[in-house]
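*Asks:* quick one, fold the following:
(3 chains)
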Amino acid sequence: MDLLLLLQQTLNGLQLGVMLFLMAAGLTLIFGIMDLINLAHGSFYMLGAYVTAWLVGLVDAFLPALALALLATAAVGYLVEVTTLRRLYGRDHLYQVLATFGLILFFNEGIKLLFGPQPIFLQPPDWLSGQIPLFGAPYPIIRLAIIAVGLASALLLWWLIGRTRLGMLIRAGADDREMVQALGVDIARLFGAIFALGAALAALAGAMAGPILAVRIGMGEDILILAFVVIVIGGIGSVRGAFVGALLVGLVDTYGRALLPDLLAVFLERTVADAAGASIASMAIYILMALVLAFRPRGLLPARA
Amino acid sequence: MSGEVLRAVDLTKRFGGVVACDRVSLALRRGEIHGLIGPNGAGKTTFLNLLSGELVADSGTILLAGTDITRLAPHRRARLGLARSFQITSIFPSMTVLENVSLAIQAHAGSSFRFLADAGRDPQLVEPARLLLEEVGLGGCAGLRAALLAHGQKRLLELAMALAGNPELLLLDEPLAGLGPEEGRRMVELLAAFRQRTTMLLVEHDMDAVFTLADRVTVLVYGRVIASGDPERVRSDPEVRAAYLGEETG
Amino acid sequence: MPRFSEMGWRWHLLLAFALLLAFALPWLGDDYLTKLATRILVFALAAAALDLVLGLGGLVSFGHAAFLGLGAYVVGVMFVHDFEGTTILGLAPTQNVFLQFLLAAVLAGGFALVTGAVCLRTRGVAFIMITLAFAQMLFYFFVSLRRYNGEDGIALWNRSSGGGWLDLEDLAVFYYFALAFLVLFLAFAFRLYHSRFGRVIRGSKDNDRRMQALGFPTYRYRLTAYVLSAAVTGVAGVLLANATYFVGPAYLSWHVSGQLIVMVVLGGIGTLFGPVLGAALFILMEEFLPDLLDLVATGSGEYWQLLLGPLLVVVALFARRGLLGVLVGGGR
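*Replies:* Residues are numbered from 1 along each chain as shown, chains lettered A, B, ... in the order given. Alright, predicted model coming up:
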């Protein structure tokens, strides 16, 4: 096996992994603490990408555009929580699915109305556009930047949850909602804050994905389902689990797509190996999920019940 | 062994650092009502859950009529004749009262992989269910949705469901909880009336009820058995008085 | 859901009206209407099958599109090989619709058995996510199958054969064929609802812990219901492919799973008949709402889902009994 290829694919896998983590972190907190399934989390990812692209077109400054987009999406997230989802805590999950499915349709259609049905392009700034030599071969700077931002966000979250008062409340809320209420904390505001935070993280992932993938309607849905797989593997409600699960899924998916066809070609005819490799690679992470569940139904690092 | 329905030996269960049950041993004689008492947090419900299979013991063994059930799933234990009631009433709220009891009967009346025949017209299920409802005094509510019953009636319904299929052993987790004095008296009368049919392990905070009904009493404190035997002896045991009954009187 | 003998006059009226309408429709001779109604019947079958697990069992399966798609692909794959004159794994392809039904039921049921065995070990939110994930897995699997046109899918030139005595190409014949299956399934599901098995499934939704304490191995019953529901949805998939002359991964898209859930809830969850109404309502909305909006404001029809989305939110927040509950009142 080509070592250089392996290294590059490892970086690609890490990059997908940290993006998945940004999506999954907010989702898993919402699952764990509010016992709410939010399908519209992918819409925040899409919003982050669209708003960033739009603002970059307006002001031609990437970082301020990104910051504004995160704030805007956090505000939308907060609004969605206050107007809709707040009424669904404690209801049957079915109705949460129905309502958030409706929200997806609404956001998708709204974006189509505002930006048109065609994908739009998010122009990365010059300092992120080039390639730098890595292990003797050029590698896109933006992918490295995504990995760096993703890891930094993970660290920030670790600090936020482990070291601050908000984090203390989040952890306590996951264990015992009534206890937190008894402490005199306004649980509604806490939930709103968690929601806004989750939305901002998803928007960050979307904005960073923008330059390397197309900014298009429904972009949030594919990654949402991957994030679900991450959460199931990591253990519902566990941010640490989400981190481990995200890197695992990112690596397995990337390795699968890059290496399986070659690997199978050792035993099979080239055309057959390509076809079979592509098929198996597309299913690899789901098989991984099934295996994890078969042995650990509550995930790798379950949050304490 | 014929006189013994249940034998639990050295059952231990830990939650993190807390030992909820600490080498608890207990033997139940066929036909007796055995009171299990102790202050809050003594591990009574944990012990019941270990017996019924909702929790699995860290160590120790449980024999039900001589069969080792220590690691069996709850439904397997139920099939072997172990029934229970829950501390928080556990019924099927969306079904009628009669359907609730028929379903309990169904668990012990052949295969449930029957897809076409109307279970509501199956005399094998309906007749014994009606009989049980009459016995607990809910005959008049058979057609009512269970969710609409008053709390006391739900308790009686759960008792009827637990008695379906004539269990070897009935675990009762605070059957009097939340009942008014009149309802409580009726429940005690009913339990006394069912004494001949099954063996009961009765967890209850109402001391009058326990000492009225129980043939023997076991006291659990901090997960340990501190006394067991004849109610009068247990009642006068100085350790029990100090650890538990003292709270009640003092 | 009441037995026939316990139904009030509104039930009888509704059933009589529905049956009359269903039987009379092709006689109107409007091809467009017949095709539309056929599509409603097909989705009604899938939605009613979903209700078996969703409404009766309380299992929020967000992956039923996978079973629908599997059924549809049976038709598509058979068509391709029959057209080419090639074999599948050494076997001759069949265009016989009854054999395709059987195959679809076995494949969808088999996939449900394997994935359900994993899903049903979990509860609540996890169950939803895992059913969704497995369906997505199958979606990507079919996208990756270049042999069967991958993402583009397969356009069918003809419908399956009716075993020599049914001409499924005839609109009315195919309509009645689909109707027969729907009625047959509803009759079966109705019996099942009140049967021992149905009670176990409903009891397990109401209070699974109590069911286990009573001695029911509920996992087994839930898995059986899941497989049964999947098999019937697979059969609906065979009908869907024939109704549309098309098979593609889009049928396995998670949007379709969502739409099936919407149909069940719109019509009335846990009522079996309700999902039929829900399917009709949803497909009629999909068909006519855009035109209606265009009448109000030209060009707005394209964005009809901007209206549908919030409508679903409102339904989720306030409507608990669905359309059937509104029509027949009372009920459970």
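*Asks:* report the contact partners of residue C:132.
*Replies:* Residue C:132 makes contact with A:225, A:228, C:62-63, C:254, C:257, according to Cβ atoms under 8 Å, 6 or more residues apart in numbering or on different chains. Quick note: C-beta positions are derived from backbone N, CA and C, even for glycine.
*Asks:* look at it and report its pLDDT.
*Replies:* For residue C:132, the pLDDT comes out at 93.
*Asks:* low-confidence stretches in the chain?
*Replies:* Reading this off chain A. For chain A, the stretches with pLDDT under 70 are A:1, A:174-178, A:184, A:304-305.
*Asks:* other chain: chain C
*Replies:* Residue ranges of chain C with pLDDT under 70: C:330-332.
*Asks:* in CSV: the contacts of residue C:132, plus secondary structure, neighbour count and distance to residue C:7.
*Replies:* Converted to CSV, the contacts of residue C:132 look like this (DSSP: H, G, I helix; E, B strand; the rest coil; neighbours: other Cβ atoms under 10 Å in any protein chain shown; distance: Cβ to Cβ, whole Å):
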residue, secondary structure, neighbour count, distance to residue C:7
A:225, helix, 23, 42
A:228, helix, 29, 41
C:62, coil, 29, 32
C:63, coil, 29, 33
C:254, helix, 24, 36
C:257, helix, 27, 31
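*Asks:* for residue B:12, what are its contacts?
*Replies:* Contacts for residue B:12 (Cβ under 8 Å, 6+ apart) come out as B:19, B:21-24, B:57-60.
*Asks:* got the phi and psi for residue B:59?
*Replies:* Residue B:59 adopts backbone torsions of phi -160, psi 170, taken as degrees, to the nearest 10.
*Asks:* out of the contacts of residue C:132, who's near chain B?
*Replies:* Among the contacts of residue C:132, none lies close to chain B by the criterion of Cβ under 8 Å from any Cβ of the partner chain.
*Asks:* strands of the stretch 1-150 of chain A, residue ranges please.
*Replies:* A:131-134, A:137-140 (DSSP state E, counting those that start in this stretch).
*Asks:* which one of those lies nearest to residue C:100?
*Replies:* Evaluated over the strands of the stretch 1-150 of chain A, closeness to residue C:100 peaks at strand A:137-140, with 48.1 Å, by Cβ to Cβ.
*Asks:* how about the residues of the stretch 101-250 of chain C by chain A?
*Replies:* Selection of the stretch 101-250 of chain C residues close to chain A by Cβ under 8 Å from any Cβ yields C:115, C:118, C:121-122, C:124-126, C:128-130, C:132-134, C:136-137, C:140-141, C:143-147.
*Asks:* in helices, which of these fall?
*Replies:* Those of these mapping onto helices are C:115, C:118, C:124-126, C:128-130, C:132-134, C:136-137, C:140-141, C:143-144, per DSSP state H.
*Asks:* need the contact list for the closest residue to residue A:29 other than its chain neighbours.
*Replies:* Nearest non-adjacent residue to residue A:29, counting by Cβ to Cβ, 6 or more residues apart in numbering or on different chains: residue A:194, 5.6 Å away. Neighbouring residues of residue A:194 by Cβ under 8 Å, 6+ apart: A:26, A:29-30, A:33-34, A:170.
*Asks:* return the residues of chain C in contact with chain B.
*Replies:* Counting by Cβ under 8 Å from any Cβ, chain C comes close to chain B at C:3, C:188, C:191-192, C:194-200, C:202-203, C:206-207, C:209-218, C:221, C:224, C:332.
*Asks:* quick one, which of those are buried?
*Replies:* Among those, the ones that count as buried by 16 or more other Cβ atoms under 10 Å in any protein chain shown are C:188, C:192, C:194-200, C:202-203, C:206-207, C:210-218, C:221, C:224.
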